[in-house]
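Visitor: From the sequence below, what's the structure:
(one chain, ligands or ions: 1)
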Amino acid sequence: MPKDTSYTSLQPDARGYFPYAAEDDAVWRELFTRQMAFLPGKVAPEYLDGVRKLRLSADKTPQVKDIDARLQKLTGAGAYGVPAIIPPSQFYDLLSKRTFPVATFLRRREHMDYIEEPDLFHEVFGHCPMLTNTAYADFIEGFGQRAKALGKGYSWHMFRLFWFTVEFGMIRSAEGLRAYGAGIVSSPSEAEHATDGTAVMQDFDLLTVFRTPYRIDIVQPTYFVIDSFDQLAATLDADFGALIDQAKASGDLPALFESKQAV
Ligand SMILES: [Fe+2]
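Guide: Got it, this is the predicted structure:
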């Protein structure tokens with residue numbers, strides 16, 4: 001959680017459940033209902049399958065413990081409640097165990113449209129449905145294992161791969177381009193932007209991804225498009241370390257945005 005945040009992390013009760021208030025349920029209901037109405041035709045069918053398989057609904061703020069149990073049964077993946085933003089080492093370690101770290105606080109009404117730090121809606125609605133897909137969960141686990149093994153010197157570039165897939169990935173479907181990245185599916189403005197034909201779409205290529213800078217505070221000027229989740233899982237056969245060394249030697253590609261805060 002950023003230092004200047006006005007949110008505090010929640011503590012679970014003895015059974016591992018978080019104390020969401022009636023106002024949290026109302027915020028969840030509004031976010032869920034609005035986004036589910038907006039997403040058809042914009043997101044991957046695998047994502048919408050995942051929403052159904054996890055039994056997410058407008059009725060109640062979901063509990064990470066329940067999501068975790070459903071994921072375990074479906075693909076052996078998991079979800080683990082964390083205060084908010086966690087150190088990269090802990091983040092990669094959880095992923096390497098096929099487990100997704102989930103911030104458990106829910107945004108307030110004044111942040112319905114945009115919140116800087118990832119909250120429960122971004123994590124559960126955005127990330128967890130895709131973990132019901134085996135090839136995607138394989139990618140998450142393998143990505144975490146490789147990021148952990150490569151260590152700090154490669155972390156920056158590994159996060160670019162995470163950014164352009166898990167957060168802002170697009171996929172080709174029979175009906176056209178669809179989103180699967182959590183930063184798109186959990187945000188009305190990003191979902192609109194990613195599917196309105198104005199952004200630059202690039203075929204997914206590992207070396208290009210490792211050389212592409214991004215900014216976290218704007219809608220993305222470019223997205224990388226995969227053909228299938230099997231393609232994503234198959235990237236794990238590549239030598240990430242050697243490719244990142246090559247990306248470092250070649251340097252970054254020109255940014256498609258103003259240079260402020262590029263990472
Ligand atoms: Fe995220």
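Visitor: Can you name every helix or strand that the one helix or strand in the chain whose mean pLDDT sits lowest contacts?
Guide: Here the helix or strand of the chain ranked lowest by mean pLDDT, DSSP states H and E is helix 188-195, holding a mean of 91. Helix 188-195 is packed against helix 22-38, strand 176-179, helix 182-185, with contacts defined by 3 or more C-beta pairs under 8 Å, 6 or more residues apart in numbering; DSSP states H and E. In this view, the C-beta of every residue, glycine as well, is placed from N, C-alpha and C.
Visitor: Now distance to Lys148 and mean pLDDT too, for these, in JSON lines please.
Guide: Below are the helices and strands packed on helix 188-195 laid out as JSON lines (distance: least, C-beta to C-beta, whole Å; pLDDT from 0 to 100):
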{"stretch": "helix 22-38", "distance to Lys148": "32", "mean pLDDT": "96"}
{"stretch": "strand 176-179", "distance to Lys148": "28", "mean pLDDT": "95"}
{"stretch": "helix 182-185", "distance to Lys148": "21", "mean pLDDT": "96"}
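Visitor: Make TSV from these and add mean neighbour count and distance to Ala242 to it.
Guide: Listed next are the helices and strands packed on helix 188-195 as TSV, based on neighbours: other C-beta atoms under 10 Å; distance: least, C-beta to C-beta, whole Å:
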stretch	mean neighbour count	distance to Ala242
helix 22-38	16	39
strand 176-179	18	30
helix 182-185	26	28
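Visitor: Buried residues in the helix or strand just after the least confident helix or strand of the chain, which are they?
Guide: For helix 188-195, the following helix or strand on the C-terminal side (DSSP states H and E) is strand 200-203. Using 16 or more other C-beta atoms under 10 Å as the test for burial, strand 200-203 gives no buried residues.
Visitor: Show me what the mean pLDDT comes to for strand 200-203.
Guide: Strand 200-203 carries an average pLDDT of 96.
Visitor: That strand pairs with which strands, and in what direction?
Guide: strand 222-226 (parallel) (DSSP bridges).
Visitor: who's in contact with stretch 65-83?
Guide: For stretch 65-83, contacts defined as C-beta atoms under 8 Å, 6 or more residues apart in numbering pick out 1, 9, 12, 15-18, 53-55, 64, 90, 94, 97-104, 123-124, 128, 131-134, 137, 140-141.
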